[in-house]
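K.L.:
got a sequence here, can you model it:
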Amino acid sequence: MNLTVLVVVLAIYFLGMVGIGLVGRKYSATYESFVSAGRNAGVLMIIGSAVGSQIGNGFVIGGAGSAAATGLSGAWYGIGCGLGYLGIAALLNKVVYQKGFISLAEFLEDRYGDKMTSVVFSVATVLSYIGNIAAQIMAGSALFEAFDLNGTLGAVVITLVVLAYSSLSGLWGAYATSVVQVGVIIVALLAVVGVIISQDGITAINEAMTAGTIASDGWDLGNIGIQAILLTVVPVWLAALCDQQTVQRINAAKSARSSLIAHIISAILCVGLAFLPALVGMYGAAVYGVTDNSVFFVVAMESLPSLVAAIAIAAVIAAIMSTIDSMMVAFSTVMLKNLYQGIINPKATDHTLKRMDSVLSIVVAVLALVLSLQFDNIISLLSSTYVFLTACCLVPFIGGLFWKKGTAKGAVASSVVGLILVTLSLTKILVLPLLDLTRIVIAVVIYVIVSLLDKEGQKKNQERLAKQ
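P.N.:
Okay, the predicted model is just below:
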């Protein structure tokens, strides 16, 4: 593939995305509208946001890379994304929309009547998002490496472009551009798979399995074992239930019904599409001998006409940037709206918040860039960030929604215990079987026991419910 063609297409594509972002500036006149899309997102934009937040990096690039090493089981990450959106539709959509909070921290503070719960969530979100953004930046390395260029340079380029991109129109711009990117990526995936099938790629994969050059049980969706499947699916599924982006996405919708329909469709799309990157990864390993994160790019460049391949690659990279953009907005909401304006300086002006947002974006991007250079497996890094987020946030949020006796002390205690268990496990000091499931069970038990013992908290709950 001609590098010049790719560069030209990337430049034109990115300018188009910037154009959409500029149109969306009318939805970000104030800081509040900047982080809520003016509460004007329809079904299509919610789908674009939901699918777009997954389909670029972990879903396509990470899924293909995992499949190149293990086979069709590389699809499990994408399946986990779909299950997460089903969980949102079934459990959270109606109640979260009725609450109307644009931030999960606001809900926690209102529910428990205590700022500490929102502080714990905010800190956990900040740390996990830095890791998640780092995983997205890794795509820059993969693209450059596919062209035998310096991967670190690729990560730096992606970071710089994202900084310019994320300052335009806030959440509305991220959602609108995601709609375009999701459409292009789906067409590109179908085109690549179509070419693979037309070139008798299935036979090539089978021959590679027989020869032992790729996993001999590659067609077995369960070949990595039940524990590995759970450790891939459960973190991303549970993280979706307590993610700041989830709350922000639901309450950016025009109506609760729009959000519900969009999340159900997003779930179906994610599960169905998850097998396409996996097939691409298996083909890339069998035919081109590529078994790392660059396999999608290599197959696209080698299998498709130069122009089509360039558009497909541009869409994937742009989707990654939209994902980072959405996370930057969510990050800003947590840091500035919840922590700074909510606790430190309640009188902060709109001008001050927007100015601080620009500085914050630079700091986050630099930290994420440094972290991205320490890892070489996208799915592994994403799973670690999801495990960390759920450790601190899942039980207090879900418990607060559905159990009236849960108290602030119970919420904080469950977060602290969850964080300790995850830290011990990730540092190999104490490895728990089925980490996320075991840790959640323990955190739930702590939440219930401490809440029931907290008589003062129970009294505050009753008073708060009486006022409502």
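K.L.:
centre of the chain to stretch 150-160, how far?
P.N.:
A distance of 20 Å separates the C-alpha centroid of stretch 150-160 from that of its chain, computed with Cα atoms, centre = their mean, to the nearest Å.
K.L.:
do the same with stretch 279-299
P.N.:
Chain-centre distance of stretch 279-299: 23 Å, with Cα atoms, centre = their mean.
K.L.:
next, the buried residues of it.
P.N.:
Within stretch 279-299, the residues scored as buried using 16 or more other Cβ atoms under 10 Å are 279-288, 290-299. All C-beta atoms are positioned from the backbone trio N, CA, C, and that covers glycine.
K.L.:
what does stretch 181-193 give?
P.N.:
Q181, V182, V184, I185, I186, A188, L189, A191, V192, V193.
K.L.:
which non-adjacent residue is nearest L238?
P.N.:
Distances taken as Cβ to Cβ, 6 or more residues apart in numbering put T390 closest to L238, at 4.5 Å, once the chain neighbours are dropped.
K.L.:
list phi and psi for the one you found.
P.N.:
Per-residue torsions, T390: phi -70, psi -30 (degrees, to the nearest 10).
K.L.:
what's the neighbour count on it?
P.N.:
A count of neighbours around T390, defined by other Cβ atoms under 10 Å, yields 29.
K.L.:
can you check D148 too?
P.N.:
D148 has 7 neighbours, counted by other Cβ under 10 Å.
K.L.:
repeat that for the one 3 residues further on.
P.N.:
Residue neighbour count, defined by other Cβ under 10 Å, stands at 20 for G151.
K.L.:
could you find the closest non-adjacent residue to it?
P.N.:
Excluding the flanking residues, the one nearest G151 by Cβ to Cβ, 6+ apart is S141, at 3.5 Å.
K.L.:
give me the element the one you found is part of.
P.N.:
Per DSSP states H and E: S141 is located in helix 115-146.
K.L.:
elements contacting that helix?
P.N.:
Packing contacts for helix 115-146, counted by 3 or more Cβ pairs under 8 Å, 6 or more residues apart in numbering; DSSP states H and E, involve helix 104-112, helix 151-165, helix 295-303, helix 306-332, helix 350-372, helix 378-402, helix 408-426.
K.L.:
and those helices as a markdown table, adding distance to S49?
P.N.:
Putting these into a markdown table (distance: least, Cβ to Cβ, whole Å) gives the following:
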| stretch | distance to S49 |
| --- | --- |
| helix 104-112 | 16 |
| helix 151-165 | 16 |
| helix 295-303 | 22 |
| helix 306-332 | 7 |
| helix 350-372 | 19 |
| helix 378-402 | 18 |
| helix 408-426 | 27 |
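K.L.:
select, out of the ones you listed, the one closest to I202.
P.N.:
The minimum distance between I202 and those falls on helix 295-303, with 13.9 Å, by Cβ to Cβ.
K.L.:
can you give me the distance of V329 to L430?
P.N.:
36 Å (Cβ to Cβ, to the nearest Å).
K.L.:
kindly report the same for F147.
P.N.:
From F147 across to L430, the span is 43 Å (Cβ to Cβ).
K.L.:
look at these two and report which has more neighbours.
P.N.:
A direct count of neighbours by other Cβ under 10 Å for F147 and L430 places F147 higher, at 15 against 10.
K.L.:
can you give me the pLDDT of the nearest residue to the more buried one once chain neighbours are set aside?
P.N.:
If the residues on either side of it in the chain are set aside, F147 comes closest to L3, at 6.1 Å by Cβ to Cβ, 6+ apart. Model confidence at L3, given as pLDDT, is 74.
K.L.:
could you report the neighbour count for L3?
P.N.:
Using other Cβ under 10 Å, L3 is surrounded by 12 other residues.
K.L.:
if I look at it, how far off is L143?
P.N.:
The spacing between L3 and L143, counted by Cβ to Cβ, is 11 Å.
K.L.:
I344 now?
P.N.:
To L143, I344 is 40 Å away according to Cβ to Cβ.
K.L.:
quick one, which of these two is more surrounded?
P.N.:
Of the pair I344 and L143, L143 is the one with more neighbours under other Cβ under 10 Å, namely 26 against 9.
K.L.:
just to check, the more buried one is in contact with A310?
P.N.:
No - checked against Cβ atoms under 8 Å, the pair L143 and A310 is beyond contact range at 11.4 Å.
K.L.:
do you know how far the residue nearest to L238 is from K347?
P.N.:
From T390 to K347 the distance is 34 Å (Cβ to Cβ).
K.L.:
follow-up on the earlier one: tell me the two of the buried residues of stretch 181-193 that are most distant?
P.N.:
Of all pairs drawn from these, the greatest distance, 18.3 Å, lies between Q181 and V193 (Cβ to Cβ).
K.L.:
send the alpha carbons of the helix or strand where T232 lies over as CSV?
P.N.:
When elements are assigned from DSSP H and E, T232 belongs to helix 226-241. Output for helix 226-241, consisting of C-alpha atoms alone and laid out as CSV, is shown next (Å, rounded to 0.1, in the frame of the first residue of the first chain):
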residue,chain,number,x,y,z
ILE,A,226,-13.6,-20.6,30.9
GLN,A,227,-11.4,-18.5,33.3
ALA,A,228,-9.7,-16.6,30.5
ILE,A,229,-13.1,-16.0,28.9
LEU,A,230,-14.6,-14.7,32.1
LEU,A,231,-11.5,-12.5,32.8
THR,A,232,-12.0,-11.0,29.3
VAL,A,233,-15.8,-10.6,29.3
VAL,A,234,-16.7,-9.8,32.9
PRO,A,235,-14.5,-6.7,33.4
VAL,A,236,-15.7,-4.9,30.3
TRP,A,237,-19.3,-5.9,31.0
LEU,A,238,-19.3,-4.8,34.6
ALA,A,239,-17.3,-1.6,33.9
ALA,A,240,-20.1,-0.5,31.5
LEU,A,241,-22.5,-0.5,34.4
